[in-house]
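>>> One predicted model, sequence on top.
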Amino acid sequence: MDGGMSLQLLFAPALSRPDLLAAPVAAALRDLPDLRGEVEVAEIDPALADTAAFCERYGISPAESANCVVIAARRGGETSYAACMVAATTRADVNGLVRRHLDVRKASFAPVETVTAATGMEYGGITPVGLPAGWPVLVDEAVAKTGSVVIGSGIRGSKLRLPGRVLAALPAAQVLPGLGAPVAPPDGVGVPPGT
């Protein structure tokens with residue numbers, strides 16, 4: 001196959017392909033009957049799960065893709081976690097808006113091992129659908145207003161596609177204007193690879 005040729009994504013209703021979902025994602029979709037009909041899944045090459053590689057190879061623009069970044073928030077010796085959903089063309093404003101919104105002293109990217117162990121999801125496929133109870137899901141207002149956005153599925157071998165309003169309707173979701181800050185580099189990727 002020519003290196004410049006895009007691979008085609010074949011989307012199906014997410015719950016019709018539980019083999020393409022992490023167990024917590026499938027369980028969360030089953031528990032969200034009002035939302036699950038709008039969530040689709042497509043199989044991808046797991047080696048192409050990182051945003052830049054995925055977008056390039058599958059012909060998806062970074063503006064059509066959103067990343068889930070898990071934040072470790074610390075205050076008074078206690079650590080809590082939150083997820084941030086931002087467009088792939090932006091980066092999460094972790095040290096500004098996120099830290100203030102969570103009312104914590106320090107906010108930083110959570111360690112990969114901690115996130116994968118706590119979520120039951122694979123690095124490179126983390127998604128806000130099916131995160132542990134008590135984890136806020138902060139959704140950038142621009143992502144919430146997107147007609148269709150591609151996000152992780154909990155595994156590296158697939159991606160979900162859903163309307164942004166479905167992310168905003170998740171039980172722990174909070175929509176935050178300005179959560180996604182513009183990225184300076186031309187590649188459009190503003191979060192750690194594989195999120």
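Structure's in. What do you need?

>>> contacting residues for L138?
With contacts taken as Cβ atoms under 8 Å, 6 or more residues apart in numbering, L138 has the following neighbours: 82-85, 98, 101, 173-174, 176, 179. Heads up, the C-betas are built off the backbone N, CA and C, glycines and all.

>>> same check, this time on A87
With contact set as Cβ under 8 Å, 6+ apart, A87 has these partners: 62-63, 65-67, 140, 142-143, 146, 149, 180.

>>> Any of those buried? List them.
Neighbour-count burial (16 or more other Cβ atoms under 10 Å) applied to the contacts of A87 gives 62, 65-67, 140, 142-143, 146, 149, 180.

>>> Which members of those are positioned in strands?
If you go by DSSP state E, the buried ones among the contacts of A87 have 66-67, 140, 149, 180 in strands.

>>> which residues of this protein fall in helices?
In the chain, helices defined by DSSP state H lie at 23-30, 33-36, 51-58, 99-102, 112-119, 141-144, 164-168, listed in chain order.

>>> re the thing from before, greatest separation within the ones in strands among the buried ones among the contacts of A87: which pair is it?
Farthest apart among those by Cβ to Cβ are V149 and G180. That separation is 12.1 Å.

>>> Overlap of the contact sets of these two?
Shared contacts of V149 and G180 (Cβ under 8 Å, 6+ apart): 87, 143.

>>> Pull out the buried positions in stretch 90-109.
Of the residues in stretch 90-109, those scored as buried under the neighbour-count criterion (16+ other Cβ under 10 Å) are 90-94, 97-99, 101-102, 104, 107, 109.

>>> got the contact list for the lowest-mean-pLDDT helix or strand in the chain?
Taking mean pLDDT, DSSP states H and E as the measure, helix 33-36 is the helix or strand of the chain with the lowest mean score, a mean of 79. Where contact means Cβ under 8 Å, 6+ apart, the residues beyond helix 33-36 that reach it are 14-15, 29-30, 166, 169-170.

>>> so where is the chain shaky, pLDDT-wise?
For the chain, the stretches flagged by pLDDT under 70 are 1-6, 184-195.

>>> In contact with the residue most central in space within it: list those residues for me.
Among the residues of the chain, the one closest to the centroid is C68, at 2.9 Å (Cα atoms, centre = their mean). With contacts defined as Cβ under 8 Å, 6+ apart, C68 is in contact with 83-85, 126-128, 151-152, 195.
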